[in-house]
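# got a predicted structure here, sequence first:
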Amino acid sequence: MNSIDSHVKEIERVAAGEQSHRDPCVVQSWLRCMNEYKLDPANAQDAYIVPDATLREHQEQAESLIRISRAGLAALFDQIAADDYVLLLSDARGVAVDYLGNPRLDRELRRAGLYLGADWSENRAGTCAVGACMVSREPVVIHQDDHFDPTHTPLTCTAAPIFDTRGELAAVLDISQLSSPIAKTSQRLALHLAKATARRIEMANLVARTGDEWVLRLSRTPDFLDTAPDAAISLDGAGRITGLTLGGLESLGRSLGFVGNNPQALIGQPISTLFDLDVDELPYFMRGHPAGERLLHANGEPMLFASAMSPADPQRVVVPVARVPKKEALDAMSHGDTTMQSLQAKAAKLAARHIPILIQGETGSGKEVLARAIHDSCNDGGRFVAVNCAAIPEHLIESELFGYVPNAFTGAARKGKTGLVESAAGGTLFLDEIGDMPLALQTRLLRVLSENEIVPVGGVEPKQVELRLVSATHRELKTLVADGVFREDLYYRLNAATLSLPPLRAREDFDGLLDRLVDDLGRRYGESYRLDIRARRLLRAYAWPGNLREMQNALEVASALSDDGVIRERHLPDTIRQPASTEPDLLRQLEQCDGNVSALARRLGVDRSTVHRRLKRSRQSATQH
């Protein structure tokens, strides 16, 4: 009660004009809550979840953005799920229209409002990350008692705005936790990830919505110009700016000073007002020319690197991804591991034919990476369409996969919708976590495989589709078949060929993978990173239950915490720095080394005595349990 009283009194002092140590965005939000919305900080209100019918209305209106953002949200959630973060995608009115969270926390998350359908508009919920972001149009962190309503003070919430191609607020991406470390600075990485993902979604949205216009992608450096640009603008045939990625353009403008305070004012202006460029020169900036030579100038001075996509460019139908030569697509997955080399040779032969492939492997072992490599190694122009069967809400998965005809159901788009299966025609459909597909939909997928056709929701006439199907799971499908939750006939259709990915702890090329990931981080952020000896030894000794994905996340965090580019022991997550957490896995690693302690010591990068001490503790722990 005392903490609530002190919280209320602090807000009242701020409302009375006293100075505060809080961030300006928090103070401004508190004042709006008191003066404009007439909210009472002493009147605690439970989180509000809109009725199902209202939620469906919001989702239908935001349907296109939800679909475009889903891959980006899934990739982000993979990076933060281990720390029990929750992802909310709220529409421009503050209602959460998409959600990714840990199912075991569903009850607590719903009670806290970190759930699908939660209304986080500022005038209802008070100061919160989504609401403050909606008003300020800036990324914000609202940490614990920054919240106005005492009900929300245990939470930490980080939000970034997502703008449409005209610069209007379209959605808000929120990363939240039920509880968190005390310091607000602990959310710096969450803020970085939220802003980066919001920019990717804006980029994908611009490319998807400008099919008959030029798109000019902009970057500070040429390295990731074609795959991860900083910003983009769309141009009509006369060279006038018709759309932009507002967040990315504002960021470039602040750092380079090439645009005013309001990039939206650029819409309708000729591209020549921004750069020394005419529409006739756009073809020079297409992929056929080296990225390092595609340099834009403004007032005669070099400014940014640019990559142009013409209206007829087939790359514009998908979010741009890195393309590698056919041979390298699979070869790049290994750095000398014999199991991977054998798998690569098998995958290369299978890729040349449209044989259904089932990839099995632990969570984070690189199943989607392998699926993309198979697609890229023998790609004849079709798309790679990835679907996470566990991430799409069950009530949406049928229309997402198979599409629907016009007016198929209440709230359906008047023109209908093309499903993901049809979108993959001529390319590759990747069904991740296929073991989580609802039983009823398995029958419809079986028709796709056996008849090469689909029937959209509400439709009668089948549509022919030819595609390569690659599915993946970390579960044992035979067990699911025995339990009656997976169709036996579908199982035998899917696993015409099976590729089993080894876990990270069993790979012989651990150091090569580690160095490649560190180098990739350096290229992505324009830095030079390296591991010191102690950090490398700890990384070698860790069991890696989350495999490559866990390693990527650990290095991402460590590089963000490094001040001089050297990743040291203190920068690594606690689970890696504490050797005791890796002891139970030593016995299994010793078995993999055929009981040879010297071989295990070399593998872990430690001396034999250290291995003997750890094995002794491990055996004692096993005896106690």
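Sure, I can see it. Numbering: from 1, shown residues only.

# my guess is residue 557 contacts residue 189. True?
Yes. Proximity of residue 557 to residue 189 meets the contact threshold set by C-beta atoms under 8 Å, at 6.0 Å. C-beta coordinates here come from the backbone N, C-alpha and C atoms, glycine included.

# please tell me how far the residue nearest to residue 231 when sequence neighbours are not counted sits from residue 168.
Computed as C-beta to C-beta, 6 or more residues apart in numbering, the closest residue to residue 231 that is not its neighbour in sequence is residue 248, at 3.2 Å. Taking C-beta to C-beta, to the nearest Å as the measure, residue 248 falls 15 Å from residue 168.

# tell me where the stretch 401-550 of the chain is predicted with low confidence.
409-414 (pLDDT under 70).

# which parts of it are strands?
428-432, 453-454, 463-464, 468-473, 497-500, 530-531 (DSSP state E, counting those that start in this stretch).

# closest one to residue 374 among the ones you listed?
For the strands of the stretch 401-550 of the chain, the distance to residue 374 is smallest for strand 468-473, at 6.1 Å, taking C-beta to C-beta.

# got the contact list for that closest one?
Contacts of strand 468-473 with the rest of the structure, by C-beta atoms under 8 Å, 6 or more residues apart in numbering, involve 354, 356-361, 367-368, 371, 374-375, 427-435, 448-449, 494.

# what do you get for stretch 179-191?
Residues external to stretch 179-191 that are found in contact with it (C-beta under 8 Å, 6+ apart): 80, 85, 139, 141, 143-144, 146, 154-156, 158, 160, 175, 556-557, 560.

# nearest to residue 391 among these?
Using C-beta to C-beta, these come closest to residue 391 at residue 80, 14.1 Å.

# how about that closest one, phi and psi?
When read as degrees, to the nearest 10, the backbone of residue 80 gives phi -120, psi -10.

# what pairs with the closest residue to it other than its chain neighbours across the strands?
Leaving aside its chain neighbours, residue 80 sits nearest to residue 175 (6.5 Å; criterion: C-beta to C-beta, 6+ apart). Bridge pairing for residue 175 (DSSP bridges) gives the partners residue 87, residue 158.

# contacting residues around residue 175?
76, 80, 85, 86, 87, 157, 158, 159, 190, 193, 194.

# now those: which count as buried?
76, 80, 85, 86, 87, 157, 158, 159, 190, 193, 194 (16 or more other C-beta atoms under 10 Å).

# quick check: the farthest pair among these?
The most distant members of the buried ones among the contacts of residue 175, if one measures by C-beta to C-beta, are 76 and 157, lying 15.0 Å apart.

# if we can go back for a sec, give the PyMOL command for selecting the buried subset of the contacts of stretch 179-191.
The PyMOL command for the buried members of the contacts of stretch 179-191 (criterion: 16+ other C-beta under 10 Å) is given here:
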select buried, resi 80+85+139+141+143+144+146+155+156+158+160+175+556+557
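
# could you list the domains of this structure?
2-180, 210-317, 326-502, 505-624 (automatic domain parsing).

# okay, the ones you listed, which one's buried deepest?
domain 2-180 (a mean of 19; mean count of other C-beta atoms under 10 Å).

# chain center to the helix or strand harbouring residue 173: distance?
Secondary structure assignment for residue 173, by DSSP states H and E: strand 169-177. Centroid displacement of strand 169-177 relative to its chain, using C-alpha atoms, centre = their mean, to the nearest Å, is 13 Å.

# quick one: name whatever helix or strand follows it.
Next along the chain after strand 169-177, with elements defined by DSSP H and E, is helix 188-209.

# so for that next one, what gets flagged as buried?
189-191, 193-195, 197-208.

# just the angle for it relative to strand 169-177, thanks.
Going by axes from the mean of the first three to the mean of the last three C-alpha atoms, to 10 degrees, helix 188-209 is angled at 150 degrees with respect to strand 169-177.

# which strands or helices does the helix or strand that helix 188-209 is followed by pack on?
As assigned by DSSP H and E, the chain's next helix or strand after helix 188-209 is strand 214-219. Helices and strands touching strand 214-219, by 3 or more C-beta pairs under 8 Å, 6 or more residues apart in numbering; DSSP states H and E, are helix 188-209, strand 231-235, helix 246-256, strand 301-309.

# export these to a markdown table and tack on mean pLDDT and distance to residue 443?
Converted to a markdown table, the helices and strands packed on strand 214-219 look like this (pLDDT from 0 to 100; distance: least, C-beta to C-beta, whole Å):
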| stretch | mean pLDDT | distance to residue 443 |
| --- | --- | --- |
| helix 188-209 | 89 | 31 |
| strand 231-235 | 90 | 41 |
| helix 246-256 | 76 | 43 |
| strand 301-309 | 85 | 40 |
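
# to residue 507, which of these lies closest?
helix 188-209 (27.0 Å).

# CA atoms only: put that closest one into CSV for me.
The C-alpha coordinates for helix 188-209 follow below in CSV (Å, rounded to 0.1, in the frame of the first residue of the first chain):
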residue,chain,number,x,y,z
ARG,A,188,18.5,-1.3,-24.1
LEU,A,189,18.8,-4.5,-26.1
ALA,A,190,15.0,-4.9,-26.2
LEU,A,191,14.7,-1.3,-27.5
HIS,A,192,17.3,-2.0,-30.2
LEU,A,193,15.5,-5.2,-31.4
ALA,A,194,12.1,-3.5,-31.4
LYS,A,195,13.4,-0.6,-33.6
ALA,A,196,15.2,-2.9,-36.0
THR,A,197,12.2,-5.2,-36.4
ALA,A,198,9.9,-2.3,-36.9
ARG,A,199,12.1,-1.0,-39.7
ARG,A,200,12.1,-4.4,-41.4
ILE,A,201,8.3,-4.5,-41.3
GLU,A,202,8.1,-1.0,-42.8
MET,A,203,10.5,-2.1,-45.6
ALA,A,204,8.5,-5.3,-46.3
ASN,A,205,5.2,-3.3,-46.4
LEU,A,206,6.6,-0.7,-48.8
VAL,A,207,7.9,-3.4,-51.2
ALA,A,208,4.6,-5.3,-51.0
ARG,A,209,2.4,-2.2,-51.7
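
# hmm, the residue nearest to residue 231 is touching residue 203, no?
Yes. In terms of C-beta under 8 Å, residue 248 counts as a neighbour of residue 203; the distance is 7.2 Å.

# contacts for the helix or strand hosting residue 347, please.
According to DSSP H and E, residue 347 maps onto helix 338-351. With contacts defined as C-beta under 8 Å, 6+ apart, helix 338-351 is touched by 330-331, 333-334, 357, 370, 373-375, 377-378, 497, 499-502, 506-509.

# what do you get if the cut-off is 7 Å, keeping everything else the same?
For helix 338-351, contacts defined as C-beta atoms under 7 Å, 6 or more residues apart in numbering pick out 330-331, 333-334, 357, 370, 374, 377-378, 497, 499, 502, 507-508.

# again, but for stretch 107-118
By C-beta under 7 Å, 6+ apart, stretch 107-118 touches 47-50, 55, 86, 88, 95-96, 99, 101, 120, 155, 176, 178.

# still on that earlier bit, distance to residue 488 added to the contacts of helix 338-351, as a markdown table?
Converted to a markdown table, these look like this (distance: C-beta to C-beta, whole Å):
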| residue | distance to residue 488 |
| --- | --- |
| 330 | 31 |
| 331 | 36 |
| 333 | 31 |
| 334 | 34 |
| 357 | 19 |
| 370 | 25 |
| 374 | 25 |
| 377 | 31 |
| 378 | 30 |
| 497 | 18 |
| 499 | 21 |
| 502 | 27 |
| 507 | 33 |
| 508 | 36 |
